[in-house]
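Q: this one's sequence-less:
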Ligand SMILES: CC(=O)N[C@H]1[C@@H](OP(=O)(O)OP(=O)(O)OC[C@H]2O[C@@H](n3ccc(=O)[nH]c3=O)[C@H](O)[C@@H]2O)O[C@H](CO)[C@@H](O)[C@@H]1O
């Protein structure tokens with residue numbers, strides 16, 4: 001009998017891509033495995049998961065706003081409806097295991113599975129645990145984490161330190177520079193700066209690049225700039241106004257493997273998955289943590305690299321003045337690039353997806 005596994009959660013790329021990496025690994029181990037994703041209606045996973053070749057069902061779940069709003073009145077009703085739908089999905093699909101990767105949908109799904117006696121596993125990407133995962137951890141059999149010290153949130157007996165699962169194509173990005181350059185229509189004789197703002201784009205990074213676009217153009221380097229959907233039009237206009245034909249802007253990049261492969265230096269937010277990926281692709285990076293992330297965890301993610309001389313840091317506040325000059329300095333310094341690259345690769349966890357998939361399979365009776 002083929003194994004049946006539900007993977008639930010999403011909301012941002014930082015939850016969706018590890019989920020896809022786990023699914024791919026389960027399929028590699030046993031191609032007959034049946035996988036069903038459960039996400040939140042209207043969220044990014046409803047588009048990204050089918051693009052990766054998996055079926056997904058959406059729940060009407062929404063997050064609760066920290067401010068007092070009218071939308072919050074609908075929260076308990078939507079949560080109730082989501083839970084009923086999650087119960088139905090679990091009943092219809094009949095999974096052997098349910099995996100939660102964080103984000104709205106994992107709550108009702110893992111709860112529904114636990115109540116039916118189906119074993120559950122949580123994958124926590126960050127160095128701190130969100131409320132949903134803390135609550136769900138009580139019913140979970142195994143909790144796969146990416147950082148040491150997570151016993152502050154979870155029962156130590158359940159924790160497995162695996163690292164974050166990264167998509168295989170990104171792990172295989174090394175040596176694909178010519179392919180990356182060709183894909184983004186870049187020139188082999190120039191240095192490439194890759195700018196990524198996380199799955200939704202980063203306003204401060206975008207504004208810093210826009211402000212110093214002339215400096216970048218004059219440097220003679222080429223740039224791949226991921227802006228997120230809210231800034232793409234403005235970025236295109238700025239590029240046209242500056243005649244910056246060597247700066248290529250995208251709202252979202254599906255071929256992150258090729259983007260990393262083409263890059264000499266990367267500027268990035270410090271979301272958990274971006275950091276895990278940078279370690280695997282061994283790129284010299286300048287991190288600009290998103291200051292409003294809960295518990296300021298992006299700064300913690302970034303500092304775990306910076307303290308080991310594995311990445312540079314520019315604070316969000318200082319980015320408008322310091323980011324582009326810092327990127328140009330690093331692009332001009334091959335010695336520093338090499339040092340950062342050597343140190344960051346030591347933090348890579350290339351077996352994370354395999355170890356998590358094996359933990360999932362152990363839960364099947
Ligand atoms: C604003 C916010 O709440 N951010 C959180 C969110 O970040 P966010 O979703 O930005 O997450 P990450 O940096 O962890 O991951 C981004 C993922 O999206 C992919 N990608 C990104 C851009 C692109 O154009 N194409 C693409 O494929 C990256 O390769 C990566 O796999 O989840 C992370 C993991 O829980 C958290 O650490 C972050 O703090």
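A: Yes, it's here. Bear in mind the structure is a predicted one, so any value in this text is a computation, not a measurement.

Q: hang on, residue 294 packs against residue 128?
A: Yes - the pair residue 294 and residue 128 passes the contact test of C-beta atoms under 8 Å, sitting 7.3 Å apart. In this view, the C-beta of every residue, glycine as well, is placed from N, C-alpha and C.

Q: who has more neighbours, these two?
A: Comparing residue 294 with residue 128 by other C-beta atoms under 10 Å, the one with more neighbours is residue 128, at 19 against 10.

Q: three-state assignment of that one?
A: coil (DSSP: H, G, I helix; E, B strand; the rest coil).

Q: with adjacent residues omitted, what lies nearest to the closest residue to the ligand within the stretch 101-250 of the chain?
A: Nearest residue of the stretch 101-250 of the chain to the ligand (C-beta to the nearest ligand atom) works out as residue 198 at 2.5 Å. Take residue 198 and drop its neighbours on the chain: the residue closest to it by C-beta to C-beta, 6 or more residues apart in numbering is residue 269, 4.1 Å away.

Q: how much space between that neighbour and residue 197?
A: Per C-beta to C-beta, to the nearest Å, residue 269 is found 6 Å from residue 197.

Q: is stretch 170-183 in proximity to the ligand?
A: No - using C-beta under 6 Å from any ligand atom, stretch 170-183 stays clear of the ligand, with a minimum separation of 6.8 Å.

Q: so who does the residue of the stretch 251-365 of the chain found nearest the ligand touch?
A: Proximity of the stretch 251-365 of the chain to the ligand (C-beta to the nearest ligand atom) peaks at residue 271, 2.1 Å away. Applying C-beta atoms under 8 Å, 6 or more residues apart in numbering, one finds that residue 271 lies in contact with 12, 13, 14, 198, 199, 290, 293, 298, 301.

Q: so what does it look like in phi/psi?
A: The phi and psi torsions at residue 271 (degrees, to the nearest 10) take the values phi -60, psi 150.

Q: just residue 126 next, same as before
A: Dihedral angles (degrees, to the nearest 10) for residue 126: phi -100, psi 170.

Q: check residue 105 too.
A: Dihedral angles (degrees, to the nearest 10) for residue 105: phi -70, psi -20.

Q: which residues in the stretch 251-365 of the chain form helices?
A: In order along the chain, the stretch 251-365 of the chain carries the following helices (DSSP state H, counting those that start in this stretch): 256-262, 272-281, 297-306, 319-331, 334-345, 352-362.

Q: any idea which of the ones you listed gets closest to residue 112?
A: Across the helices of the stretch 251-365 of the chain, residue 112 has its closest neighbour in helix 352-362 (17.7 Å, C-beta to C-beta).

Q: list the buried ones in that closest one?
A: 352, 353, 354, 355, 356, 357, 359, 360, 361 (16 or more other C-beta atoms under 10 Å).

Q: for it, give the mean pLDDT please.
A: In this model, helix 352-362 has a mean pLDDT of 98.

Q: so which elements touch that helix?
A: Secondary-structure packing of helix 352-362 (3 or more C-beta pairs under 8 Å, 6 or more residues apart in numbering; DSSP states H and E): helix 13-29, strand 120-124, strand 142-145, strand 159-161.

Q: next, the angle from it to helix 272-281.
A: Going by axes from the mean of the first three to the mean of the last three C-alpha atoms, to 10 degrees, helix 352-362 is angled at 120 degrees with respect to helix 272-281.

Q: what is the distance between helix 352-362 and the centre of its chain?
A: Distance of helix 352-362 from its chain centroid, counting by C-alpha atoms, centre = their mean, to the nearest Å, is 19 Å.

Q: quick one, what contacts residue 326?
A: 286, 312, 314.

Q: dump those to CSV, plus pLDDT.
A: Formatted as CSV, the contacts of residue 326 follow (pLDDT from 0 to 100):
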residue, pLDDT
286, 98
312, 98
314, 98
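
Q: out of the residues you listed, the closest to residue 167 would be?
A: Looking across the contacts of residue 326 and measuring by C-beta to C-beta, the closest to residue 167 is residue 286, at 23.0 Å.

Q: ok, the closest one touching residue 266?
A: Yes - with contact defined as C-beta under 8 Å, residue 286 and residue 266 form a contacting pair (7.4 Å).

Q: by contact count, what packs against the strand or helix carrying residue 72?
A: Using DSSP states H and E, residue 72 sits in helix 71-93. Here helix 71-93 is seen to pack against strand 4-8, strand 34-40, strand 55-59, helix 106-115 when contacts are counted using 3+ C-beta pairs under 8 Å, 6+ apart.
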